[in-house]
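S.K.: One predicted model, sequence on top.
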Amino acid sequence: MEIPQVAHRFVDVGGVRVFYREAGDPGAPTLLLLHGFPSSSAQYRRLIDALGGRCHVVAPDYPGSGQTEAPPGFTYTFERLADVIEGFVERLGLAPFTLYAFDFGGPVGMRLATRHPEWIAGLIVQNANAYDEGLSDLARGLTGHRPGLPGAREAVAELLVLPVTRSQYEGGTSDPERIAPDGWTLDQHYLDLPGRKDAQIDLMLDYHTNLGLYPVWQRWLREHRPPTLVLWGTGDAFFLVPGARAYLRDLPDAELHLFATGHFALEECLPEIAPLIAGFLERRGPAS
């Protein structure tokens, strides 16, 4: 197997210094990897190694995550994250691309898709919810927190500690001993940097805006019918399997694969998932 050289770069996007990982031939079809909470592009290191010899892979960090540096006064909402990633795509000339959307990457990526349908050559959904039936009771409780509600910031802040970060990796897995501690350890390091917890609290308090856009995203899927691969860890405490199956209502030709693991499905099931992604990209052909 060819192991690609991975470049680690920064680019200025409207005053935000965006960090990103890049591998593969820039002339090949592009796969844009959008990470989740509370992680960064680092969660894709093994996937980039697996796929970077087959396509052009790009994985940015959002403002408030990883190595990306946002200026003082940056407003942490999902609209603003999408603005920055939109500018990032334009700055690097990445479109068209296949979008890999995981967790927070769902609402960020679907905003890009509805703004620029012509950018989306294909869609890979991994535990990124866009349907009411995919929300667990835990997720519904979290999305009920809103800015200004008494106790909301304090309740969300309770999620940003190491035991909870670790549980997001190990929860729902078939064998927790297969989950390397590097992921949650690095995530907690970034969460503990100055200002990062406030940024993540602001984003969690803004999450309810995504639920209001579910009908818009579902309509976009029905109208545009992008080639789609749905990958889902069935033990996810936040996003339930009915949310995975719901994509088939709007995308009846989509491929759906379920895995007996948790939210961070790549951590345990990369050997099964990477070939599915590679095959999906190969079937898309040169236009991917």
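M.R.: Arrived safely, thanks for sending.
S.K.: what about the strands in the stretch 151-288 of the chain?
M.R.: According to DSSP state E, counting those that start in this stretch, the stretch 151-288 of the chain carries its strands in the segments 228-233, 255-259.
S.K.: got a markdown table for the ones you listed, with distance to V84 and mean neighbour count too?
M.R.: C-beta: built from backbone N, CA, C; applies to glycine. Putting the strands of the stretch 151-288 of the chain into a markdown table (distance: least, C-beta to C-beta, whole Å; neighbours: other C-beta atoms under 10 Å) gives the following:
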| stretch | distance to V84 | mean neighbour count |
| --- | --- | --- |
| strand 228-233 | 25 | 24 |
| strand 255-259 | 30 | 16 |
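S.K.: could I get these as CSV with mean pLDDT and distance to L281?
M.R.: Output for the strands of the stretch 151-288 of the chain, formatted as CSV (pLDDT from 0 to 100; distance: least, C-beta to C-beta, whole Å):
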stretch, mean pLDDT, distance to L281
strand 228-233, 98, 9
strand 255-259, 98, 12
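S.K.: With distance to L270 as new columns, can these be given to me in CSV?
M.R.: As requested, the strands of the stretch 151-288 of the chain are arranged in CSV below (distance: least, C-beta to C-beta, whole Å):
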stretch, distance to L270
strand 228-233, 11
strand 255-259, 10
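S.K.: quick one: which of the ones you listed is nearest A155?
M.R.: Minimum separation from A155 across the strands of the stretch 151-288 of the chain (C-beta to C-beta) falls at strand 228-233, 25.2 Å.
S.K.: For the closest one, enumerate the helices and strands it packs against.
M.R.: Applying 3 or more C-beta pairs under 8 Å, 6 or more residues apart in numbering; DSSP states H and E, one finds that strand 228-233 contacts strand 120-126, helix 241-250, strand 255-259, helix 265-284.
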